[in-house]
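Novice: I would like the atomic coordinates for the input below:
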Amino acid sequence: MLILLTIVHVIVCIFLIIVVLLQSGKAADLAGAFGGMGSQTAFGPRGSATLLSKATTVSAIVFMITSLSLSILATRGSGGVKTVLDNGSKQTAPASTPVPVKTSAPGQPMKIQLPAVPQGQQAPAQKKK
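Specialist: Numbering: from 1, shown residues only. Predicted structure coming up:
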């Protein structure tokens, strides 16, 4: 079903592109360039719908229906999407103890005590001067 719908969708896409490119623009005449109310201006009088405009309407409707159908079929088979919040509730980060910061007098280097490292973990590397 998915493959058949994809093939129909691609054929409708190609047909829609061709039909739209074959149509002339709404203001393609000389009067439309200077703001005149020609027969094909955007808000002017319209004639009857041509075969190309009817084909465009029908193919656009079929395109929208196949697009919605493909998106529904794609999400139905995925089994639900997990969000970041769903993943975060299962795995919690270990609580870390805050590092105490001591202030020192001006001109003296600051000394920071690092928390004790549990067994099985490596201590963070310290830079030497």
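
Novice: in stretch 61-72, which residues are buried?
Specialist: 62-63, 66, 69 (16 or more other C-beta atoms under 10 Å). Backbone N, C-alpha and C define where each C-beta goes, glycine included.

Novice: reformat those as JSON lines; add distance to residue 85 and secondary structure.
Specialist: Below are the buried residues of stretch 61-72 laid out as JSON lines (distance: C-beta to C-beta, whole Å; DSSP: H, G, I helix; E, B strand; the rest coil):
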{"residue": "62", "distance to residue 85": "38", "secondary structure": "helix"}
{"residue": "63", "distance to residue 85": "35", "secondary structure": "helix"}
{"residue": "66", "distance to residue 85": "33", "secondary structure": "helix"}
{"residue": "69", "distance to residue 85": "30", "secondary structure": "helix"}
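
Novice: is it true that residue 16 lies in a strand?
Specialist: No - applying DSSP: H, G, I helix; E, B strand; the rest coil, one finds residue 16 to be helix, outside a strand.

Novice: which ones are touching it?
Specialist: Contact analysis of residue 16 by C-beta atoms under 8 Å, 6 or more residues apart in numbering lists 56, 59-60, 63.

Novice: just residue 51 next, same as before
Specialist: Counting by C-beta under 8 Å, 6+ apart, residue 51 has no contacts.

Novice: coming back round to it: filter the contacts of residue 16 to the buried ones?
Specialist: 56, 59, 63.

Novice: so which of the buried residues of stretch 61-72 comes closest to residue 9?
Specialist: Of all these, residue 9 sits closest to residue 66, with 4.1 Å by C-beta to C-beta.

Novice: so the closest one makes contact with residue 5?
Specialist: Yes - with contact defined as C-beta atoms under 8 Å, residue 66 reaches residue 5; the gap is 6.0 Å.

Novice: name the SS class of residue 49, please.
Specialist: Going by three-state DSSP: residue 49 is coil.
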